[in-house]
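Take a look and give me a structure for this.
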Amino acid sequence: MRITKHTDYALRVLLFLAVRPRQRVPTQAIAEAYQISLDHLLKITRRLGELGYLHLHRGAKGGVELALEASEISVGAVMRALDDRDSLIECFSSETDHCVVSPSCGLKGALREAQEAFYASLDAITLGKLVSRRGVALRELTGG
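A predicted model of the protein is given here:
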């Protein structure tokens, strides 16, 4: 299973903010900390805002902050919201399924089950759990 860069960067943004609870952070600071294009990061933060994970603030004193407590944000839920779960193999989507054995293939069901188990294991992991022991180190690594 491979996650997209979009989802990877979104999780990084959430972790960055989780170690800075109730703090408004300029998006530029996050882009610099992770060496990610600001334009790309703005698209990601906009999407996280639409999903209700971030509060977005415009203007000179603008920035982003978590809209929920870190303990309320499940990694599995974030990944489900951002990743295209029909892209693991072509037969997951009727629009891309061109396999001749698809109607009687057992692989599709097995892979779907494995994918759901992957997400289910991440459902129990919250940002709060991820930063509870490593928060200080994460904060230092991303610019104090």
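
So which bits of the lengthiest helix in the chain are buried?
Among the elements of the chain assigned as helix by DSSP state H, the one spanning the most residues is helix 107-123. Judged by neighbour count (16 or more other CB atoms under 10 Å), helix 107-123 contains these buried residues: K108, L111, R112, Q115, Y119, L122. For every residue, glycine as well, the C-beta is placed using N, CA and C.

and if you look at stretch 130-144?
By neighbour count on 16+ other CB under 10 Å, the buried set for stretch 130-144 is L130, V131, G135, L138, R139, T142.

in which helix or strand would I find the second one?
Think V131. Using DSSP states H and E, V131 sits in helix 127-132.

List the contacts of that helix.
For helix 127-132, contacts defined as CB atoms under 8 Å, 6 or more residues apart in numbering pick out L14, L15, A18, V19, E69, A70, S71, E72, I73, V75, L138.

redo that, cut-off 6 Å
Helix 127-132 is contacted from outside by L14, A18, V19, A70, S71, I73, using CB atoms under 6 Å, 6 or more residues apart in numbering.

need the contact list for the last one.
By CB under 6 Å, 6+ apart, the residues touching I73 are T126, L127.

still on that earlier bit, export the contacts of helix 127-132 to JSON lines and append columns for distance to G63, secondary structure and pLDDT.
Formatted as JSON lines, those follow (distance: CB to CB, whole Å; DSSP: H, G, I helix; E, B strand; the rest coil; pLDDT from 0 to 100):
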{"residue": "L14", "distance to G63": "14", "secondary structure": "helix", "pLDDT": "97"}
{"residue": "A18", "distance to G63": "15", "secondary structure": "helix", "pLDDT": "95"}
{"residue": "V19", "distance to G63": "15", "secondary structure": "coil", "pLDDT": "93"}
{"residue": "A70", "distance to G63": "17", "secondary structure": "helix", "pLDDT": "96"}
{"residue": "S71", "distance to G63": "22", "secondary structure": "helix", "pLDDT": "96"}
{"residue": "I73", "distance to G63": "18", "secondary structure": "coil", "pLDDT": "97"}
